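K.L.:
here is a sequence together with a model predicted from it:
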Amino acid sequence: VADYLGELYPPWRWFEKQDVVKKHNPNQELPDFYNICLERPKEDALGYDVVFVEAARRSSFASRLSHSCDPNCSNIIMSAGGKLTI
């Protein structure tokens, strides 16, 4: 349907970002994040890894596809040229 675009974060940076938001707004819930978590399987030659794709600022229409209560399509994660694509 479309490419899923966004900023990439390793897990430690993603949770650090959330902690900063919580610190500045301690009495509020976290805002909505349009994110998706990519996992590289442990069988991969590079080994297991996780990365978060945050699509709140740099995004395309595809970032909204994974946020539906009644989805009519799904995300497919593929490896192309050694890079994960959604």
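P.N.:
Received the coordinates, thanks.
K.L.:
only C-alpha atoms from now on, for both contacts and neighbour counts.
P.N.:
OK.
K.L.:
assign a three-state SS to Glu29, would you?
P.N.:
Secondary structure assignment for Glu29 (DSSP: H, G, I helix; E, B strand; the rest coil): coil.
K.L.:
mind checking how far it is from Asp44?
P.N.:
37 Å (Cα to Cα, to the nearest Å).
K.L.:
also Asn35?
P.N.:
Taking Cα to Cα, one finds Asn35 at 23 Å from Asp44.
K.L.:
more neighbours: which of those two?
P.N.:
Asn35 (20 against 9; other Cα atoms under 10 Å).
K.L.:
for that one, give the beta-bridge partners.
P.N.:
Beta bridges link Asn35 to Glu54, judged by DSSP bridges.
K.L.:
same thing with the one 4 residues further on?
P.N.:
In this structure, Glu39 has beta-bridge partners Val50, where bridges are defined by DSSP bridges.
K.L.:
okay, now it: neighbour count?
P.N.:
By other Cα under 10 Å, 13 other residues sit near Glu39.
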